[in-house]
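*Asks:* structural data only, the sequence is not supplied:
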């Protein structure tokens, strides 16, 4: 199977809100023995397949995204399995929002879409359908990308800036997930209860949960780029955790498998998408 990822520079107005924008294309059959496991990162995603469909399964529930259907994936704190609909050529356009970015584009309580994959038309109705039709009618990929960015710009600034929320997200990111909620309370003057409510509304997960996802993301990105055995026995990665049992608990939570079990599986597909 031949795979190509093309990174697209987001419109300058979207910088800091859309963290990644990419086009994925493949030729031939998908990896037959691959478990196709996608591990949580700290970004919600908006995707539209323009060739072939996408199958996603979360906690035993499946979602099929048909060609030219805009799909929003909420904040994930559990793994999902992803595949193309049929063993034919495929292509997908995707925007990944920074943790502070998604609430600027959609008037939602993001807790309602946590760990879910939803057709955007279920949220925006005819607005989403009109953009889907325009993107479908564009023949060139560059034109599809341009329309996709136009849609993002048309949705931008659905909410005003929330400085306290963004300050806390920035602190969690810069600390690599090691800052405590108690420290965020001290630095903002707001209670943990208030901060939790703010995060659940604007991101879908609590500050503590986001910190856990970011801590694991730092490890998993390195795992995708290196040797499993070297990393699993490299104690430098445990400074993100209380101890090894804490690390293994998070590993199982975010992958559904133990480190040893995952090392015996083929997950090239999932690693490619995680590192895009």
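*Replies:* Done, it's in. Values in this document were obtained by computation on a predicted structure and should not be read as measured data. Numbers count the residues shown, from 1 in each chain.
*Asks:* could you use CA atoms for every contact and neighbour count after this?
*Replies:* Fine.
*Asks:* thought residue 46 was touching residue 96?
*Replies:* Yes - counting by CA atoms under 8 Å, residue 96 is a contact partner of residue 46 at 6.5 Å.
*Asks:* tell me the SS of the residue nearest to the spatial centre of the chain?
*Replies:* In the chain, the centroid-proximal residue (CA atoms, centre = their mean) is residue 43; its distance is 3.7 Å. When classified by DSSP: H, G, I helix; E, B strand; the rest coil, residue 43 comes out as coil.
*Asks:* let me see the contact set for it.
*Replies:* The neighbours of residue 43, taking CA atoms under 8 Å, 6 or more residues apart in numbering as the test, are 75, 96-99.
*Asks:* kindly write the PyMOL command that selects the buried subset of these.
*Replies:* Buried members of the contacts of residue 43, defined by 16 or more other CA atoms under 10 Å, are picked up in PyMOL with:
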select buried, resi 75+96+97+98+99
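*Asks:* between the contacts of residue 43, which is nearest residue 251?
*Replies:* residue 75 (17.5 Å; CA to CA).
*Asks:* from residue 53, how far off is that closest one?
*Replies:* 21 Å (CA to CA, to the nearest Å).
*Asks:* residue 181 too?
*Replies:* Taken as CA to CA, the span from residue 181 to residue 53 is 40 Å.
*Asks:* now do the helices in the stretch 1-150 of the chain.
*Replies:* For the stretch 1-150 of the chain, applying DSSP state H, counting those that start in this stretch gives helices covering 121-124, 126-137, 141-155.
*Asks:* tell me which of those helices sits nearest to residue 201.
*Replies:* Going by CA to CA, the one of the helices of the stretch 1-150 of the chain nearest residue 201 is helix 121-124, 16.0 Å.
*Asks:* and the closest one, what does it pack onto?
*Replies:* Contact here means 3 or more CA pairs under 8 Å, 6 or more residues apart in numbering; DSSP states H and E; on that basis helix 121-124 packs against helix 126-137.
*Asks:* let's see 6 Å
*Replies:* Helices and strands in packing contact with helix 121-124 are not found; criterion 3 or more CA pairs under 6 Å, 6 or more residues apart in numbering; DSSP states H and E.
*Asks:* go through that helix and flag the buried ones.
*Replies:* For helix 121-124, the neighbour count (16+ other CA under 10 Å) marks residue 121 as buried.
*Asks:* what do you get for stretch 261-275?
*Replies:* Residues of stretch 261-275 classed as buried: 262, 266-271, 274 (neighbour count, 16+ other CA under 10 Å).
*Asks:* give me the mean pLDDT for stretch 72-92.
*Replies:* The average pLDDT for stretch 72-92 rounds to 94.
*Asks:* start and end of that stretch, how far apart?
*Replies:* End-to-end distance for stretch 72-92, by CA to CA: 13 Å.
*Asks:* buried sites along that stretch?
*Replies:* Of the residues in stretch 72-92, 72-85, 87, 89-92 count as buried by neighbour count, 16+ other CA under 10 Å.
*Asks:* contacts for that stretch, please.
*Replies:* Applying CA atoms under 6 Å, 6 or more residues apart in numbering, the external contacts of stretch 72-92 come out as 23-29, 36-40, 44-46, 48-58, 113-118, 120, 254-255.
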